[in-house]
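Chemist: Need coordinates for the below:
(one chain, ligands or ions: 1)
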Amino acid sequence: MHQYGFILGRKFKLSVAELLSVFGEENVEIVSDVFIKSFDKPLKDMRDIQDSLGGVVKICEIFNEAVSFSALEKKILDYFRELSSGKLTFAINVYNLPPKNDNFLKKLLINVKKGLKEHEGKVRFLNKPNRNLKSVVIYEEKLDEKGTDVSVICKNGRYLIAKTVAVQDFKSYSIRDYDRPARDAKSGMLPPKLAQILINLACGANKNCTIYDPFCGSGTILMEGVLMGHKVIGSDISEKAVLDTKTNLEWLKSQFKINENFIVDVFENNAVKTMKNDLKILPDCIVAETFLGPPVTKIPDEATIKNTFNDIEEIVVKAINNFKQFLKIGSKVVLAVPFYIAQRNIFIENLPTHIANSGYKIDNLYECTKRGSLLYDREDQTVGREIFVLKLY
Ligand SMILES: C[S@@+](CC[C@H](N)C(=O)[O-])C[C@H]1O[C@@H](n2cnc3c(N)ncnc32)[C@H](O)[C@@H]1O
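Modeler: Numbers count the residues shown, from 1 in each chain. Below you'll find the model as predicted:
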């Protein structure tokens, strides 16, 4: 068996749901913020795997284990000695450390450095004492390529020892998010990583889906879909949104290696009225972020919330009923709808009931809310996204 640890992103439950959807539930263990999975064969193309998982910060390959601190130290030393004889810049990270182990990491870093004093080249570690190294530094220093970022995953009194084989490409996400020519902060745009998670929740292990986003806005889901190797179709009720999406997809073609033929069509259309004939290819799934309501900086009054949520609920319910004319039974519809972030979050209350009455089952993926949803929110925002994974039956 070949064991890998996937270090989960900030929205832990969403990241787990994404991985369960892509890799399935077999041979999986979730240990604090690490998703551990055993595979029959070694994984290939780690860069591609990492680049298609929006919820994973880094991937490490577990290559050894130890039952005591001294054995752990020795095994890490042996690993570094074998790896290089020249200059060595390394990092060690610890996950799921039991409480009252305050100086564990500091001691490990210092002892490993001391143990390497006979090493030919200069040896240094990049961690701040007792802090895991930020993945952006691992990326910038290319420690994943050098194999010198080591992770220790504490599990049932044992230490699993792993080397980082891929880390999130911060630069590429930032370019896709901020450098694209058409942005629409007023309607709202999905962060590219969240778009990838939604796509993975819909497509699972299928690497060749046809994805339809009928609320495409400025096209984040289509951009990420095509980068992940899926075929994409988009539509939006707004002429400006359709133009924005087309502009962004043209820009994507000029900046990234993609298969242009995978951009099937982008057209103006009301999502509640899409006809089978409007679609050049029938989609395998739908992935969309619906209308989020007017932009706000604080939670609106009750009457405004009611009006906004009624509008959104009506569009969503009509749209998912309409999708049934062109979706196959078993197809997934992944929807992000708004909620207001508060001490007690404010949701579109009756949406789950309407979904159930429309012939869809809500997939309860991993530690979902009582409503069957997963939440994406940020402290500095008023509006979060509530994510539903629906299956047509
Ligand atoms: C929040 S934006 C989607 C943003 C998009 N996910 C992105 O990242 O660029 C919602 C979009 O839904 C569109 N919309 C609202 N009502 C619609 C309807 N009935 N049919 C189709 N699109 C609609 C709006 O024009 C807007 O572009």
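Chemist: Could you confirm whether any residue of stretch 239-257 contacts the ligand?
Modeler: Yes. Using Cβ under 6 Å from any ligand atom, stretch 239-257 reaches the ligand at Ala241. Where you see a C-beta, it was placed from the backbone N, CA and C, and this is true even at glycine.
Chemist: which parts of that stretch are buried?
Modeler: Ala241, Val242, Asp244, Thr245, Lys246, Asn248, Leu249, Trp251, Leu252 (16 or more other Cβ atoms under 10 Å).
Chemist: Of the residues you listed, which is the nearest to the ligand?
Modeler: Ala241 (3.9 Å; Cβ to the nearest ligand atom).
Chemist: how about the strands in the stretch 251-393 of the chain?
Modeler: Secondary structure of the stretch 251-393 of the chain (DSSP state E, counting those that start in this stretch): strands located at 263-268, 285-289, 332-340, 360-362, 374-376, 383-392.
Chemist: gap between Lys74 and Ile355?
Modeler: For Lys74, the distance to Ile355 equals 55 Å [Cβ to Cβ, to the nearest Å].
Chemist: Compare the two (neighbour count), which wins?
Modeler: Set side by side, Lys74 and Ile355 show more neighbours around Ile355, with 21 against 15, by other Cβ atoms under 10 Å.
Chemist: Need the contact partners of stretch 124-143.
Modeler: 7, 57-58, 88-95, 102-106, 109, 112-113, 144, 149, 164, 167-171 (Cβ atoms under 8 Å, 6 or more residues apart in numbering).
Chemist: mind checking the SS state of the closest residue to Glu29 other than its chain neighbours?
Modeler: Nearest residue to Glu29 in three dimensions, chain neighbours excluded: Ile36, at 4.5 Å (Cβ to Cβ, 6 or more residues apart in numbering). Of the three states, Ile36 takes strand under DSSP: H, G, I helix; E, B strand; the rest coil.
Chemist: Would you enumerate the residues in contact with the nearest residue to Gln325 once chain neighbours are set aside?
Modeler: Among residues not flanking Gln325 along the chain, Lys276 sits closest, at 5.7 Å (Cβ to Cβ, 6+ apart). Lys276 makes contact with Leu282, Gln325, Phe326 under the criterion Cβ under 8 Å, 6+ apart.
Chemist: Report how many residues lie close to the second one.
Modeler: Taking other Cβ under 10 Å as the criterion, the count of residues near Gln325 is 9.
Chemist: ditto for the last one
Modeler: Here the count is done by other Cβ under 10 Å, and Phe326 has 17 residues near it.
Chemist: Give me the pLDDT value at it.
Modeler: Confidence at Phe326, expressed as pLDDT, is 96.
Chemist: I figured it was touching Lys280, is that so?
Modeler: No. Look at Phe326 against Lys280 with Cβ atoms under 8 Å: they stay out of range, at 11.7 Å.
Chemist: can you tell me which residues contact the spatially closest residue to Gly55 that is not a sequence neighbour?
Modeler: In space, and not counting its chain neighbours, Gly55 is closest to Ser15: 3.1 Å by Cβ to Cβ, 6+ apart. Counting by Cβ under 8 Å, 6+ apart, Ser15 touches Phe6, Leu8, Gly9, Phe35, Gly55, Val56, Ile197.
Chemist: Of those - the most surrounded one?
Modeler: The most crowded member of these, judged by other Cβ under 10 Å, is Ile197 (30 neighbours).
Chemist: Report the secondary structure state of it.
Modeler: Taking three-state DSSP, the label given to Ile197 is helix.
Chemist: The one 4 residues further on now?
Modeler: Reduced to three states with three-state DSSP, the structure at Leu201 is helix.
Chemist: Look up the pLDDT of it for me, please.
Modeler: Leu201 is given a pLDDT of 98.
Chemist: What of Lys186?
Modeler: Lys186 is given a pLDDT of 80.
Chemist: again, but for Ala336
Modeler: pLDDT, Ala336: 98.
Chemist: Quick one: residues contacting it.
Modeler: Leu190, Leu194, Leu198, Ala288, Glu289, Thr290, Tyr376, Arg385, Glu386, Ile387.
Chemist: how near is it to Gly217?
Modeler: 11 Å.
Chemist: Spell out the secondary structure type for the closest residue to Gln3 other than its chain neighbours.
Modeler: On the basis of Cβ to Cβ, 6+ apart, the spatially nearest residue to Gln3 that is not a chain neighbour turns out to be Ile62, at 4.1 Å. Three-state call for Ile62 (three-state DSSP): strand.
Chemist: wait, Ile62 sits on Glu29?
Modeler: No. Taking Cβ under 8 Å as the definition, Ile62 is not a contact partner of Glu29, at 11.1 Å.
Chemist: Put together JSON lines for the contacts of Ala336, with pLDDT on each row.
Modeler: Formatted as JSON lines, the contacts of Ala336 follow (pLDDT from 0 to 100):
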{"residue": "Leu190", "pLDDT": "94"}
{"residue": "Leu194", "pLDDT": "97"}
{"residue": "Leu198", "pLDDT": "98"}
{"residue": "Ala288", "pLDDT": "98"}
{"residue": "Glu289", "pLDDT": "97"}
{"residue": "Thr290", "pLDDT": "95"}
{"residue": "Tyr376", "pLDDT": "96"}
{"residue": "Arg385", "pLDDT": "96"}
{"residue": "Glu386", "pLDDT": "97"}
{"residue": "Ile387", "pLDDT": "97"}
